[in-house]
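J.: only the shape, not the letters, is given here:
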């Protein structure tokens, strides 16, 4: 993020801060415009100012996440998403619009919450490193950090996600995301800001405890965001029993208490929360059969009712 912010400073933020918070410069060093007015060429806020870094990160993350969301979700929606699913009885009226509204409200919140993590990276508190590996051992370690990152974050997200289904938390934090029983790619970011932030913590935490090359980390960070879109795309091609596919995640949205994992099914099997997709996800005809939809809707309503009932009992 330090290199990205440096580029953003050079091509955008330097000029903005020079105008918003100008620095007084000696007359001999000043530039003038065509009216002969003195212009400040620098800002009183230096690039290494904590306030400036946090403000720049806030703007960059909100704008960047919003653009990424619309670009990737729109691409997935028009290329992969099966529009027949929009006829499902649990697909809400104007759902795509509602998902987009929910996501655009959530993005600023969880983006701002992640600013301290990126600030720490820029300030050198993480274990990110740079440079080209010089030895075979360094290359081997570089490659090893990829599965380490996936395994670590999959474990973390599983437990965070599972606890978000606890009756005391579900109604307040995670229920907004389960409003979309039949999700579209636009639902990927359509959640409570704290929900999205808590599930992102393992991504950030990893590089504070495990050394990782900064560009590899940025690549993996992009990958997990793309993955989040893809598991909501309703395109059930893979029948993997190891990878937590979009079919597995569709089961999670329908039946709530299963398939909390992000990439793999291991932790769900370990935690006895695994529910394998069936032909109702994989078979093209059965997937859009009205009897199948009716049964899905009935079971989903029964499970949701139990969850909300338990939630009320816990609160009381």
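T.: Now that the structure is in, tell me what you want to look at. Note that the structure is predicted; figures quoted are calculated from it, not measured. Numbers count the residues shown, from 1 in each chain.
J.: now stretch 166-182: average pLDDT?
T.: Average pLDDT, stretch 166-182: 89.
J.: show me where the stretch 151-300 of the chain has its helices.
T.: Remark: helices assigned in the stretch 151-300 of the chain by DSSP state H, counting those that start in this stretch are 167-169, 193-209, 214-230, 246-255, 266-270, 279-282, 284-287, 290-315.
J.: pick out the shakiest of those helices, pLDDT-wise.
T.: Ranked on mean pLDDT, the bottom entry among these is helix 290-315, at a mean of 73.
J.: run through the neighbouring helices and strands of the helix or strand hosting residue 146.
T.: Remark: residue 146 resides in helix 136-164, with elements defined by DSSP states H and E. Here helix 136-164 touches helix 193-209, strand 212-213, helix 214-230, helix 266-270, going by 3 or more Cβ pairs under 8 Å, 6 or more residues apart in numbering; DSSP states H and E. Heads up, the C-betas are built off the backbone N, CA and C, glycines and all.
J.: which of the residues in the first one are buried?
T.: Put plainly, it is helix 193-209. Burial within helix 193-209, assessed by neighbour count using 16 or more other Cβ atoms under 10 Å, is assigned to 193-204, 206-207.
J.: could those be laid out in CSV, adding distance to residue 251?
T.: Putting those into CSV (distance: Cβ to Cβ, whole Å) gives the following:
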residue, distance to residue 251
193, 26
194, 25
195, 19
196, 21
197, 25
198, 22
199, 18
200, 23
201, 25
202, 22
203, 24
204, 28
206, 27
207, 32
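J.: so residue 176 makes contact with residue 190?
T.: Yes: using Cβ atoms under 8 Å, residue 176 and residue 190 qualify as a contacting pair, with a distance of 7.4 Å.
J.: grab the most central residue of the protein for me.
T.: Residue closest to the average C-alpha location in the chain (Cα atoms, centre = their mean): residue 225, at 4.9 Å.
J.: contacting residues around that one?
T.: Residue 225 makes contacts with 68, 72, as judged by Cβ atoms under 8 Å, 6 or more residues apart in numbering.
J.: off-centre distance for the strand or helix carrying residue 105?
T.: Residue 105 is part of helix 95-122 when elements are defined by DSSP H and E. Using Cα atoms, centre = their mean, to the nearest Å, the mean C-alpha position of helix 95-122 is found 8 Å from that of the whole chain.
J.: in the stretch 1-150 of the chain, where is pLDDT below threshold?
T.: In the predicted model of the stretch 1-150 of the chain, residues 24-41 satisfy pLDDT under 70.
J.: quick one: the closest residue to residue 195 other than its chain neighbours and residue 83, what's the gap?
T.: Nearest in space to residue 195, with sequence neighbours left out and distances taken as Cβ to Cβ, 6 or more residues apart in numbering, is residue 173 at 4.8 Å. Distance from residue 173 to residue 83, counting by Cβ to Cβ, to the nearest Å: 30 Å.
J.: got it, and residue 76?
T.: With distances defined as Cβ to Cβ, the gap from residue 76 to residue 83 amounts to 12 Å.
J.: that older thread, hey, which of the helices of the stretch 151-300 of the chain is tucked in deepest?
T.: Mean neighbour counts were compared across the helices of the stretch 151-300 of the chain using mean count of other Cβ atoms under 10 Å; the top stretch is helix 246-255, at a mean of 24.
J.: show me what it is in contact with.
T.: With contacts defined as Cβ under 8 Å, 6+ apart, helix 246-255 is touched by 178, 180-183, 230-236, 238-239, 258-261, 265, 275-277, 281-282, 296, 299-300, 303.
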